[in-house]
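Asks: Here is a sequence with its predicted model. Questions after.
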Amino acid sequence: MNDLRRLLVVIRRRWWYIAVPAVVLALTGVWPLVQMTPQYRVSVTFLLTSRAPMNDTGDTLAYDFPAVSRGLEFRTRVSTQMSGVVTADEVGALLDVRNNAREVTITARGANPDTLVPVRDAALAVLTQDGTLLWGKSGDTAVNIAVLRRDDVPVQEQPWLDALVSIMLRAGAGAVVGMVVVLYRR
């Protein structure tokens, strides 16, 4: 118990050893936030199923599409659909495809809000036109797409939560460094 009291007395006397590194490291997390370019996003959420009869394994198109969308063939087709306005690599950087229980969401994120809606719509058009051809199937390549939600106005993303977590972790690391100095110099 006496050791704890002595430690608290030392911390009370040298509190600034803890506070200064915590504040300095926390402020280093603010600078990238100030310099950050605003990011925007648009999305569309839809149900995706095959028109072909399901086999024993069930209809897995919605589960496979996020992986297919990362492929070079899909990105190239989206770039071609947009008449080469964006490259296949840019399409890969802008698009994020996720699946949640057969609800597929295509999200386009980037700094230029004017290109987001066309990229997202081109990705949906390629999926609609090429269908299961993207999975390497021939014959009936049609798919069923039922749009559930569509955000057509680019929304600015708020990076504050991630930045706040980073700032708090930096402040905590600074406090730990300060505490080590206090304990060492005791």
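Replies: Yep, it's here.
Asks: where does Pro66 land on pLDDT?
Replies: We have a pLDDT of 91 for Pro66.
Asks: Surely Ile18 is within a helix?
Replies: Yes. Checked against DSSP: H, G, I helix; E, B strand; the rest coil, Ile18 lies within a helix.
Asks: residues near Met36, how many?
Replies: 11 (other C-beta atoms under 10 Å). Any C-beta I mention is one placed from the backbone N, CA and C, and that applies to glycine too.
Asks: surely it meets Gln158?
Replies: No. Using C-beta atoms under 8 Å, Met36 makes no contact with Gln158, being 10.9 Å away.
Asks: which residues in this protein form strands?
Replies: Secondary structure of the chain, counting by DSSP state E: strands at 40-50, 95-100, 103-110, 143-156.
Asks: Now render those strands as JSON lines, adding mean neighbour count, mean pLDDT and distance to Val23.
Replies: Below are these laid out as JSON lines (neighbours: other C-beta atoms under 10 Å; pLDDT from 0 to 100; distance: least, C-beta to C-beta, whole Å):
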{"stretch": "strand 40-50", "mean neighbour count": "19", "mean pLDDT": "90", "distance to Val23": "33"}
{"stretch": "strand 95-100", "mean neighbour count": "16", "mean pLDDT": "93", "distance to Val23": "36"}
{"stretch": "strand 103-110", "mean neighbour count": "20", "mean pLDDT": "94", "distance to Val23": "33"}
{"stretch": "strand 143-156", "mean neighbour count": "13", "mean pLDDT": "89", "distance to Val23": "29"}
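Asks: okay if I get those strands as JSON lines plus distance to Arg120?
Replies: Formatted as JSON lines, those follow (distance: least, C-beta to C-beta, whole Å):
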{"stretch": "strand 40-50", "distance to Arg120": "5"}
{"stretch": "strand 95-100", "distance to Arg120": "7"}
{"stretch": "strand 103-110", "distance to Arg120": "4"}
{"stretch": "strand 143-156", "distance to Arg120": "9"}
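Asks: between those strands, which one is nearest to Val20?
Replies: Val20 sits nearest to strand 143-156 of all those, at 34.9 Å, using C-beta to C-beta.
Asks: Direction included, what does the closest one pair up with?
Replies: strand 40-50 (antiparallel) (DSSP bridges).
Asks: And for the strand it pairs with, what's in contact with it?
Replies: Under the contact criterion C-beta atoms under 8 Å, 6 or more residues apart in numbering, strand 40-50 has outside partners 59, 61-62, 65, 102-113, 116-117, 120, 124, 127, 132, 143-157.
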